[in-house]
Every structure is written in C-alpha cells, then in structure tokens.
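In: Here is the input, now give the coordinates:
(2 chains)
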Amino acid sequence: MERNAEIKFARELKRFYSLTFMSLVFSAIAMALSVALGVTNILTFINQRSLVYLIPACIGFLAFPFTIRWLLAGVEIMEGVEEIKDEYSKVKKSTNGEALTTLIVRTMAHYRAKKATISKLILLCKVAAICFIINGIFVLIQLALNIPADGLGLATSLVAALINLGIGAVGLYIPQSFQKYSSCWEARIQGSTLAEKELSSLMEGR
Amino acid sequence: MRVKRTQYEIFWEILTYCKTPRLFTSIIQRCDLNSKIAQEYLNFLESKGYISRTNEGDRTFFLTTCAAREFLDLFMKLYLELFNNTPEFKI
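Out: Below is the predicted model of the structure:
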C-alpha cells in the first residue's frame, strides 16, 4: 500500500508542479501580449483614428489586470508546491509510511491554505482566456473583411490570430486541470473528516 | 507557507517529530505553531500519555511515548487509505 501511495504521490506532485509552472509561463506570456496588444493598437488608433484599432486596444487593456492577478496567483501556489517538492526530494530515497503520511498532511494543508487562491486563479484564467479568444476571432474577422494583398501581411495577421487563440485555448485548459486537482483534494478532505472521528474516539477512550 | 491543519494533523506532526527528544523551541519551529498553541497541544498530548517531559539541567525535552504508537499507526493507516482510495489527479 505504501509503495503504491508513494508512486501516486510522486506522480501527482510532478503533475501539479508542471501545471503550476505552465500556468506561470502562460500568464507571463498573456501579460506581455495584453500590454503589446493594448499599446500598439492604441498608438495606431491615435494616428489613424480608426475604431478597428480601438477594440483590440480595449481588449488588451481589459485583459492586462487579469493576467497580472493570474500570474500572482500562480506564484502564490508555486511557493507551497516547491516546499513540498523539496521535502519530498529529501526523503525520496528512504520514503516510509510515516514520511509519506507527513507529506500527504502537508499537501492537504497546502490545498486548504490555497483553496481560495486556486478558485481565484480558475476565474482569472478563464476571463483572460476569453479576452484572447475574442481578440483572435476579431483578427480573423478583420482578415476576412480585408485580406492583405501581400503574403507577409496575411501571414502576420494569421500568426497574430493563432497566437491569441492559442493563449485563449491554454487559458481555458489550465483552469480545467486546476479544477480536477481541487476535486481530488476536496474528496480527500471530506474523507479526512471521517478519519478524524475514528481518531477522536481512539483518543477519548484514553 | 501558511499552513492549515486539523488538530489531529498537528498531533501527528508533533508526535512524529518528538520520536527523538526535542526542545520546545524546535517543536514550534518545525511544526509551525505559536508558543501558546504549542503549549496547549503539548499539555493535551501529555495528559493523554502520548508525550513525556524530561529535564536535563535547565532544559526540558519532549519525547513521544510508546502509548502514542496506537494513535500514530491509526493515523497513518487512515491517511494512506484515504490517499489510495481517492481518484488520482491527472492533467
């Protein structure tokens, strides 16, 4: 049982670390992209006075605060995960039931402490993703209405649309995975309430 | 990291840490507790016979007793079962 639990714990820890890392990377990219989108389009709007540039500028500026908070939430979650990862790497070679139970307790405590942050990240990530998807669709509509004569212009617009849609898709995928993580640990927390009753009756018997 | 644990999880941390004699300051540091709460937990565990105090000069050491084995075994069994019996997190 201990060996199976250890393998499962190691796999889950690795996956959650990768997910948090992926969230951090994409939130940073999304933040940079939202600034670029807002600034370049607002400058073009000022020069050309065309509403076509105002919409993506607004989307960029709207997405920016969400991407910052998404990044910060990721950093906050990562802090605890790294501590658990370090602890696990210290006992990895000689993991026994006791060390593993302590790690499970720590991870459960981390989840309880970061539950609100994870929920916040899920929401922020979705809002930012929707902004990028809207902008991606907007670029594609613009492209369909006014196809650039030169190949370079067409390629640039297509790449811009794909980047926006890509970030949007990842932004929708990340919250889904965090939701899966939450449901796993919620089930364990519920189970721990039952465990507490058994522990309580053991202690009361003394 | 700010940790949120149940009282039984704190008991587990204290009892596993005190398997070798520990000073009060080491316990509060390792188990991430403030001194008032730690004192309350240690008094409770002592009243249950799970922990004993020994004085060496002017220093007091806390040590987990054999009586705590029952609690520790049950805790470990329950938590490992709980972890094994719940679905695995997959991306």
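
In: Could you use CA atoms for every contact and neighbour count after this?
Out: OK.

In: for chain A, what's the longest helix?
Out: helix A:151-204 (DSSP state H).

In: check which helix or strand covers the residue of chain B found nearest chain A.
Out: Nearest to chain A, among the residues of chain B, is B:K4, at 4.8 Å (CA to the nearest CA). For B:K4, there is no enclosing helix or strand under DSSP states H and E.

In: shouldn't it be in contact with A:A113?
Out: Yes: under the criterion of CA atoms under 8 Å, B:K4 makes contact with A:A113 at 5.6 Å.

In: follow-up on the earlier one: how far away from the center of its chain is the longest helix of chain A?
Out: The chain centre lies 7 Å from the centre of helix A:151-204; the measure is CA atoms, centre = their mean, to the nearest Å.

In: Provide a list of residues in contact with A:L154.
Out: A:L143, A:I147, A:P148 (CA atoms under 8 Å, 6 or more residues apart in numbering or on different chains).

In: what's the answer for B:L45, then?
Out: B:L45 touches B:F11, B:I51, counting by CA under 8 Å, 6+ apart.

In: after whichever strand or helix holds it comes which helix or strand?
Out: Assigned by DSSP H and E, B:L45 belongs to helix B:35-47. Per DSSP H and E, helix B:35-47 leads on to strand B:51-56 as the next helix or strand towards the C-terminus.

In: and that next one, what does it pack onto?
Out: helix B:35-47, strand B:59-64 (3 or more CA pairs under 8 Å, 6 or more residues apart in numbering or on different chains; DSSP states H and E).

In: ok, now how distant is the residue nearest in space to the middle of chain B from A:T193?
Out: Centroid-nearest residue in chain B, with CA atoms, centre = their mean: B:I14, separated by 2.0 Å. Distance, B:I14 to A:T193, using CA to CA, to the nearest Å: 20 Å.

In: Helices along chain A, start to end?
Out: Counting by DSSP H, the helices of chain A are A:2-48, A:51-91, A:97-145, A:151-204.

In: Now do the first one: distance to the chain's middle.
Out: To tie it back to what came earlier, the one meant is helix A:2-48. 6 Å.

In: Check whether that helix comes near chain B.
Out: Yes: using CA under 8 Å from any CA of the partner chain, we find that helix A:2-48 touches chain B at A:E2, A:N4, A:A5, A:K8, A:E12, A:R15, A:L19.

In: now swap in the shortest one and tell me
Out: Yes: legend: contact between helix A:51-91 and chain B by CA under 8 Å from any CA is shown at A:E79, A:G80.

In: and that helix with helix A:2-48, angle?
Out: 160 degrees (axes from the mean of the first three to the mean of the last three CA atoms, to 10 degrees).

In: ok so, going back, relative to chain B, which of the contacts of A:L154 is nearest.
Out: A:L143 (34.9 Å).

In: could you measure that closest one against A:I163, distance?
Out: 15 Å.

In: What of B:N84?
Out: 40 Å.

In: got the contact list for the residue positioned nearest the centre of chain A?
Out: Residue closest to the mean C-alpha point of chain A, counted by CA atoms, centre = their mean, is A:S23 at 3.6 Å. Applying CA under 8 Å, 6+ apart to A:S23 gives the contacts A:L71, A:G74, A:I174.

In: Poorly predicted segments of chain A, please.
Out: A:1, A:206 (pLDDT under 70).

In: in it, what residue is nearest chain B?
Out: A:A109 (4.8 Å).

In: Tell me, how many residues neighbour that residue?
Out: 21 (other CA atoms under 10 Å in any protein chain shown).

In: With the one 5 residues further on instead?
Out: Under the neighbour criterion other CA under 10 Å, A:K114 is assigned a count of 20.

In: Contacts only, for it.
Out: Contact partners of A:K114, counting by CA under 8 Å, 6+ apart, are A:I77.
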